[in-house]
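Participant: return atomic coordinates for the entry below.
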Amino acid sequence: MTELVLRLALTAAAALVATGLYGALSQQSIVMIMMGLELVVNGLILGAGAFWWAGGQPVAASVLVVVLVTVMAVEMAMGFAVALAIYRARQVDLTDDAGELAG
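Facilitator: Below is the predicted model of the structure:
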C-alpha cells in the first residue's frame with residue numbers, strides 16, 4: 001500500500017512540476033511566471049514529503065509539507081506585492097517591459 005501511495009504522490013508531484021514549468025516558461029506576465037514557479041516548488045515539496053512519508057515518518061512529513069507550503073505562500077505574497085508596486089509605479093506587467101526599469 002505504501003508503494004502505491006508513493007507512486008500516486010510522485011505522479012502528482014511530477015504533474016505539478018511539469019505544469020509549473022510550462023506555465024513559467026511560456027508566459028510573459030510577471031504574475032503568471034510567479035504562479036508557474038509556485039507550482040514547481042509545490043511539486044518539489046510534495047515529492048520530498050512523499051519520500052519522507054514513505055521512509056516511515058508520516059508526522060514529520062506532514063509537518064514539513066505544511067511549514068514549507070506556508071513559507072512559499074508568504075514568499076509569493078511578497079512577490080505579488082513587489083509586482084503590484086511595479087505595476088502601480090510604471091504600469092508595466094510584462095517581463096520584457098520590466099527589464100527597462102532603470103533608476
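
Participant: all helices for this structure, in order.
Facilitator: Shown for the chain, the helices assigned by DSSP state H span residues 2-26, 30-54, 58-90, 95-98.

Participant: just the angle between the third one and helix 2-26, please?
Facilitator: Helix 58-90 runs at 10 degrees relative to helix 2-26, counting by axes from the mean of the first three to the mean of the last three CA atoms, to 10 degrees.

Participant: does anything pack onto helix 58-90? Which helices or strands?
Facilitator: In terms of contacts (3 or more CB pairs under 8 Å, 6 or more residues apart in numbering; DSSP states H and E), helix 58-90 is packed against helix 30-54. (Glycine included, C-beta is placed from N, CA and C.)

Participant: thinking again about what came up before, can you say which of the helices of the chain is packed in most?
Facilitator: Per-stretch averages of neighbours, counted by mean count of other CB atoms under 10 Å, single out helix 30-54 among the helices of the chain, with a mean of 18.

Participant: chain center to that helix: distance?
Facilitator: Relative to the chain's own centre, helix 30-54 is displaced by 5 Å; criterion: CA atoms, centre = their mean, to the nearest Å.
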